[in-house]
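Chemist: 3D, please:
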Amino acid sequence: MPKLSVNVNKIATLRNARGGNVPNVQKAVVDIQLYGAQGITVHPRPDERHIRYDDVRLIKPLITTEFNIEGNPTEQKFIDLVLEIMPQQVTLVPDSNQQLTSDHGWDTAKHKSFLIEMVSVFKSKGIRVSLFVDPVEEMIKGAAETGANRIELYTEWYARQFHDNKEKAVAPFAQAGKWAQECGLGLNAGHDLDLYNLKYLKNNLPNLLEVSIGHALISDALYYGLENTMQMYKRELM
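Modeler: This is a model prediction of the structure:
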């Protein structure tokens, strides 16, 4: 059964919209783990428009599962934060500062030397490294050549195509899972996964280790309640 890591950025976004500390991100982290999450994900961006760097520091002592920090290592501030917090996993994402959300994976050929350096920095401290990539053979093989432990497949295209043709939508990701296995890479997935498309992806990626879900899960919690929503997502991964 793949692990469910919950991205709590959207909780911070709601808090920031009003100021103050409601909803309380720290309490949410504690509760989400109590409700069955096997990991907590955060993606601090330089403008701190949702999760703030200080949030990450406050969350760290509350983690009883796994902590996954996402971000672009072109920012020294991000590198320093990861090395300070020492999460179980760091997921390197090629975001620009202007992006609303992640929308593409690494070009692991173009950025190979840089990624080798960054992977080495984090792995030397015992932090598992995952690279955010598209389901493209060259990019996956390139990820393996950087020394990364895992890849996280960017699943936005799968989610967009799912309702029109789920077999066509999942095919490149199922193949990507095979390439990852052949390269000795662990397999994660994330972006736009929800209660409708999650099980089908999981069933077609037998080597899937972890999914990271935030926006859809927190949105569903507005209707179903947080504890109930957590159980609904976990059932989709069984």
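
Chemist: gap between Trp157 and Asp192?
Modeler: As judged by CB to CB, to the nearest Å, Trp157 and Asp192 stand 9 Å apart. (C-beta placed from N, C-alpha, C; glycine too.)

Chemist: pLDDT score for the residue sitting nearest the centre point of the chain?
Modeler: Nearest to the mean C-alpha position of the chain, counting by CA atoms, centre = their mean, stands Ser212 at 4.2 Å. Per-residue confidence at Ser212 stands at 98 (pLDDT).

Chemist: what is the neighbour count of the residue nearest to it when sequence neighbours are not counted?
Modeler: Leaving aside its sequence neighbours, Ser212 sits nearest to Gly190 (CB to CB, 6 or more residues apart in numbering; 3.7 Å). Using other CB atoms under 10 Å, Gly190 has 25 neighbouring residues.

Chemist: would you check that Gly190 makes contact with Ile213?
Modeler: Yes: using CB atoms under 8 Å, Gly190 is in contact with Ile213, at 6.7 Å.

Chemist: report the set of residues contacting both of the two.
Modeler: Listed contacts common to Gly190 and Ile213 are Asn7; contacts here mean CB atoms under 8 Å, 6 or more residues apart in numbering.

Chemist: tally of neighbours for Ser120?
Modeler: When neighbours are defined as other CB under 10 Å, Ser120 has 12 of them.

Chemist: excluding covalently adjacent residues, which one is nearest to it?
Modeler: Of all residues not flanking Ser120 in the chain, Gly147 sits nearest, at 6.5 Å (CB to CB, 6+ apart).

Chemist: helix, strand or coil for that neighbour?
Modeler: Counting by DSSP: H, G, I helix; E, B strand; the rest coil, the backbone at Gly147 sits in coil.

Chemist: ok, it - contacts?
Modeler: Counting by CB under 8 Å, 6+ apart, Gly147 touches Ile116, Val119, Ser120, Lys123, Val129.

Chemist: again with Trp179
Modeler: Counted by CB under 8 Å, 6+ apart, Trp179 has contacts Glu137, Ile140, Lys141.

Chemist: after the longest helix belonging to the chain, next one along is what?
Modeler: Using DSSP state H to define each element, the chain has its longest helix at helix 166-182. Next helix or strand after helix 166-182 toward the C-terminus (DSSP states H and E): strand 186-190.

Chemist: average model confidence for that next one?
Modeler: 98.

Chemist: ok, stretch 106-123 next?
Modeler: On average, stretch 106-123 scores 97.
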